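In: need a structure here:
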Amino acid sequence: MRTRRGLTRAGGLVPAMASGAATVFKLIVASLALTGAYFGAVAAQGDGRPGVAAGEAPVRTVVLSSRAMPVQDAHVPKPAIVSVGLSETGEGCRRVYHVQSVIDPGSAGDPVVYDWRLARWSPSTRTWKTYLFSGTAGFMGARRTVEWYPHVVGNPGWYRVELAVRDGVEDGAPLSKVVGERFRIAC
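Out: Presented below is the predicted three-dimensional model:
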């Protein structure tokens with residue numbers, strides 16, 4: 001059956017489908033070219049990771065292993081040394097640490113004030129940031145072993161313990177700050 005323009009209905013449908021398929025094919029080719037250009041540009045900027053400039057060597061992450069040893073109650077550290085040991089573990093990534101040090105206020109037995117801080121390494125800022133704070137405590141008299149039991153739940157990373165000791169009189173002049181060795185918490 002012929003129409004006014006001289007084409008049959010079936011014959012007019014085929015060229016329309018062919019031009020539609022060609023358009024779809026052109027769109028697919030264009031999107032593949034755009035995707036390839038994007039991934040090529042990302043790869044040129046440093047292995048596809050943000051923060052690495054082109055031409056710069058990519059940063060390698062090296063995982064070092066260490067284990068926390070159980071605390072021995074008979075072991076008392078020397079003054080100006082902070083010892084950290086794993087006290088208990090719980091479900092998931094719950095860890096309780098036993099931290100201790102010895103503070104010697106001197107022969108006069110002057111009052112001292114101290115506080116503990118658990119600092120966590122921040123890879124983004126490359127600094128130690130306070131994660132937990134013990135609050136302030138103090139004493140007066142002879143040498144004393146001080147302890148703290150920080151809890152870390154579900155936050156793996158590098159940590160260290162800091163003990164700040166200050167004069168216990170009005171001015172609160174800093175006497176010392178003792179920084180323990182860093183240790184890793186992995187779940």
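
In: and Val29, its phi and psi?
Out: With angles defined as degrees, to the nearest 10, Val29 sits at phi -60, psi -40.

In: separation between it and Tyr38?
Out: With distances taken as CB to CB, to the nearest Å, Val29 is found 15 Å from Tyr38. In short, each C-beta sits where N, CA and C put it, glycine included.

In: any idea how many residues pack against Leu27?
Out: Here the count is done by other CB atoms under 10 Å, and Leu27 has 10 residues near it.

In: tell me which element it is part of?
Out: Element membership for Leu27 (DSSP states H and E) is helix 9-44.

In: that helix: what's the following helix or strand?
Out: strand 83-89.

In: so in the protein, where's the weakest helix or strand by average pLDDT?
Out: helix 9-44 (a mean of 70; mean pLDDT, DSSP states H and E).

In: Arg160 in helix, strand or coil?
Out: Secondary structure for Arg160, judged by DSSP: H, G, I helix; E, B strand; the rest coil, is strand.

In: is it in contact with Ile185, as I believe?
Out: No - under the criterion of CB atoms under 8 Å, Arg160 makes no contact with Ile185, lying 11.3 Å away.

In: got the contact list for the closest residue to Ala137 other than its chain neighbours?
Out: Spatial nearest neighbour of Ala137, excluding adjacent residues (CB to CB, 6 or more residues apart in numbering): Tyr114 at 6.0 Å. Contact analysis of Tyr114 by CB atoms under 8 Å, 6 or more residues apart in numbering lists Ile103, Thr136, Ala137, Gly138, Val146, Leu163, Ala164, Val165, Arg166.

In: one more pass at 10 Å, please.
Out: By CB atoms under 10 Å, 6 or more residues apart in numbering, Tyr114 lies in contact with 101, 103, 134, 136-139, 144, 146, 148, 163-166, 168, 175-176, 178.

In: name the strands paired with the longest strand belonging to the chain and say parallel or antiparallel.
Out: Ranked by residue count, the top strand of the chain under DSSP state E comes out as strand 127-139. Each strand paired with strand 127-139, and its direction, by DSSP bridges: strand 112-122 (antiparallel).
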